[in-house]
Structure formats: structure tokens, C-alpha cells
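Undergrad: Quick one, what's the 3D model for this:
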Amino acid sequence: MFVLENKPILYSLFVFTGSTMGISVKILQSIKSLDSDFKHPIIYSFILFLSETTGLITYYCYLKKEDKVINEFEDNLTKKEMNIYLISIPSIFDLFSSCFGILSYENLAASITTMFDGGNTIGVFLLSIFFLKNKHSKHNFFGVCLLIIGLFFISLSAINDDQEQSKGLKETIFGIIFCILCNIFTSFHAISEEYLLRTRKCHPIKLLGFEGLFGSVFSMILMLFFSLIQFGKYFEFICIKDQNGNLYLENFFFAFNQIINKKIIIFIIVFQFFVLIAYNYCYITITNVANATSNVVLYNLTSLFIWIFFLLPIDKTNQEKFGILQCIGFIILIFGVCIYNELLFSRKKYIELKKIENPNDDSELTDGPIVV
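TA: Residues are numbered from 1 along each chain as shown. Coordinates of the predicted model:
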């Protein structure tokens, strides 16, 4: 299997693909075809899962033999065999997470939606205590508190911003609620994935591929289901209006007509598909070869580049205004993530802090999951 060993190129590709994903989603939503914006959250989720399904090709063509050798290691002998259908659980969480994420893009500025992803840390922190029985130090609690404060400032910025006010307060409030719901389901997705990898024999690429397969099936079922259900005018801000003026949360048939009417839509969708494949590859590779600092810096660079792009007069439809509250919230958010992931002090300092909290604990800090 091809492995990109040049870290600067790998990191640059990760930031580029991550930023491109956020930017292209917002641009695609603002394209008008048949007098309606192309807003289809479940169709986008389907594209996301379809890109993940390519992981099965990678696994069965390149990694299956390697996986058999790894499963013979002592650490894996105590793990149970993976029941493939268990992977449907994180795929369901991922489906709801991506749908709410796309809905938040529809009702909030792209930069604010991306920054709200920092709330994933809060959810993972709480769920890891209850489900994985992880123990956390005081700096983890302090980091989470900073994250909550940072998200509060970003929420105020969304409500007070003139651009968001032009959409209406209801849309902004629901956009924030969708962000929170997205973070909740993302946290459940991350914890369920980690639990399966801890307790079952399964290569991460294989898990990703089957998650994409199950997610693709679930997305198609939801897509067809919501294409048959009409909504009232109160839900107009999250629905799409077809040629007849009917409101649908998703309408596959109308989406197909929109694509036929405006060919650039299919070009962007295909582009997003390949960008998502590259992003998944970079994410998995960096998780294996990089340290905590790299993960946190790269993720926040992605949010920063999306913010800068929409501040510039490139896309006038989605252009944003600089907000001091958003800037303050983003800075606090970065500090919170850095403190949570033990990046502001040396590792020795964190070990000393742990000894003060637990004098009888002789173990050193272990590398847990990095949350950004």
C-alpha cells in the first residue's frame, strides 16, 4: 500500500482537503437550480459514506494479510472476533452527525459551524467517563471548561452578527442547536468506534469501509423515505422547495432534476467525493504517524483557513464579516483544546501534576485518543 512519508506534504494535503470540504459544502448549498438552493443533507451524507466505502478496497487488496499477522499479537488474543453488523452502530451515529452538520452549514456561517466542531471534545470527555471508564486529570476538566466558554462566545457572535441576523434569529438559534446535536452524535460515534477497536479484532481501515457501506445503505433508505414526506411552512428554513412549491427535508427526485439543470453541481459532488477519499487517507495516516501537537494544530488550521476564505471577497454570496466575539471565542477554544490534550506544558510537567493529584499512582501518563 502507498504510504505518504513526507510529513510536510501529508500535513498540507490534510489542511487543504479539510478546508476544501467545508468551503465546497457552503458553495454547493448556495447554488440555485430550478429556483431552489441545492440543500440536500442526506445526499451529502451519502457521498460521505460512499467515499468511506473505498476503504474496503484498500483493506482487501492491500491490508488483509497484514491484519492477520497483527491479530496474532498477544494484545489482540484477548479481543473477540468482530461481528460486522456491530459496525452499523457507529455508522448510524455518523449519519445523524453528518446530517445535523450539513443543516448547521445551511443556517450558520461556515467558519462558525467549523469552529463548533471543537465541542466534540466535551462530548467525548463525558462519554469516555461513563462508557470507557477513563480517568481524567484536573487539566482535562479545566480544558473542557475553556471549551464551553469559547463556544459560548462563538454562539454570541453568530447571534449578534449582522449577516446572521439577516437570515433571522430563528435560523441562527436552530443552526446552533444543529451544531450541538452534531457534536453529540459525533461524540457517540467516536466512543463507539473506540470501544469496538478496543474490544474486537478489526483493522481501522476495515472498520471505516464497513461503516461507509452501512451508512450508504441507511442514507439511501432515509433519502427515499423523506422524499415522500412533505413538511409545513414552519420548517421552511431546513427544507427544500420543489417545482410545485412543496417542502421536503430531502427530495432525491428533485435533486436529480437540479443536477440535470445545472451541470456544475455534479462536478462539485464528484470533486467532493475524491477530496473526501484523500481526507480520510490523510486523517488515518496522521493519526498513526503524528503526535498530539500535529493533530491539534492541523485541525485548527483547517478552521482558520475556512474562516479566512469567507472573510475575503471571493464568494460574495457567503462572505462573512470579522467578529471580535468570534475571534475571542476561537482563541479560548484553541487554549482549551491544547490544555485538554496536554500541549501547553512539557510531558514531565503533566506527570508532576498527576503525581500531586494521585500521590500513590506510580504510572505515567499514557497516550489516549487525541480529541480536536
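Undergrad: Please enumerate the strands of the stretch 1-150 of the chain.
TA: For the stretch 1-150 of the chain, applying DSSP state E, counting those that start in this stretch gives strands covering 32-33, 36-37, 80-81.
Undergrad: Which of those has the lowest mean pLDDT?
TA: Among the strands of the stretch 1-150 of the chain, strand 80-81 carries the lowest mean pLDDT, a mean of 79.
Undergrad: What is the neighbour count of Ile308?
TA: Ile308: 13 surrounding residues under other CB atoms under 10 Å. Every residue, glycine included, has its C-beta placed from N, CA and C.
Undergrad: The host helix or strand of it packs against which elements?
TA: Per DSSP states H and E, Ile308 falls inside helix 292-311. Packing partners of helix 292-311 (3 or more CB pairs under 8 Å, 6 or more residues apart in numbering; DSSP states H and E): helix 7-29, helix 110-115, helix 264-289, helix 324-340.
Undergrad: The same query, at a cut-off of 6 Å, please.
TA: helix 7-29, helix 110-115 (3 or more CB pairs under 6 Å, 6 or more residues apart in numbering; DSSP states H and E).
Undergrad: Turn the strands of the stretch 1-150 of the chain into CSV, columns for distance to Met115.
TA: Below are the strands of the stretch 1-150 of the chain laid out as CSV (distance: least, CB to CB, whole Å):
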stretch, distance to Met115
strand 32-33, 27
strand 36-37, 23
strand 80-81, 39
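Undergrad: tell me, how many neighbours does the nearest residue to Phe210 once chain neighbours are set aside end up with?
TA: Leaving out its chain neighbours, the residue that sits closest to Phe210 by CB to CB, 6 or more residues apart in numbering is Ile87, at 4.5 Å. If you count neighbours by other CB under 10 Å, Ile87 ends up with 24.
Undergrad: Over to the one 3 residues further on?
TA: In terms of burial, Pro90 registers 25 neighbours under the definition other CB under 10 Å.
Undergrad: State the number of residues packed around the nearest residue to it once chain neighbours are set aside.
TA: Nearest residue to Pro90, sequence neighbours excluded (CB to CB, 6+ apart): Ser192, at 4.3 Å. Ser192 has 21 neighbours, counted by other CB under 10 Å.
Undergrad: what does the one 5 residues further on give?
TA: The number of residues packed near Leu197 is 16, by other CB under 10 Å.
Undergrad: Which helix or strand lies directly C-terminal to the helix or strand hosting it?
TA: Assigning secondary structure by DSSP H and E places Leu197 in helix 169-199. Next helix or strand after helix 169-199 toward the C-terminus (DSSP H and E): strand 200-201.
Undergrad: Does anything pack onto that next one? Which helices or strands?
TA: Right, strand 200-201 is packed against no helix or strand by 3+ CB pairs under 6 Å, 6+ apart.
Undergrad: Centre of the chain to that strand, how far?
TA: 24 Å (CA atoms, centre = their mean, to the nearest Å).
Undergrad: Tell me how far the next helix-or-strand element following it lies from the chain's centre.
TA: Where DSSP H and E defines the elements, the next helix or strand beyond strand 200-201 is helix 204-226. Here helix 204-226 is found 16 Å from its chain centre; the criterion is CA atoms, centre = their mean.
Undergrad: residue contacts, Ile23?
TA: Counting by CB atoms under 6 Å, 6 or more residues apart in numbering, Ile23 touches Phe309.
Undergrad: For Ser111, see how far away it is.
TA: 10 Å (CB to CB, to the nearest Å).
Undergrad: Run a quick neighbour tally on Phe256.
TA: Other residues close to Phe256 by other CB under 10 Å number 11.
Undergrad: Would you indicate which residues of stretch 20-35 are buried?
TA: Thr20, Met21, Gly22, Ile23, Val25, Lys26, Ile27, Leu28, Gln29, Ile31, Ser33 (16 or more other CB atoms under 10 Å).
Undergrad: The closest residue to Lys26 other than its chain neighbours and Phe210, how far apart?
TA: If the residues on either side of it in the chain are set aside, Lys26 comes closest to Ala110, at 4.3 Å by CB to CB, 6+ apart. Using CB to CB, Ala110 is found at 31 Å from Phe210.
Undergrad: Ok, Val270 next?
TA: Relative to Phe210, and taking CB to CB, Val270 is found at 24 Å.
Undergrad: Which one's more surrounded, those two?
TA: Phe210 (24 against 11).
Undergrad: Who are the contact partners of the nearest residue to Gly123 once chain neighbours are set aside?
TA: In this structure, Gly123 finds its nearest non-sequential neighbour in Ser187, 2.6 Å apart by CB to CB, 6+ apart. Contact analysis of Ser187 by CB under 6 Å, 6+ apart lists Asn120, Gly123, Val124, Leu127.
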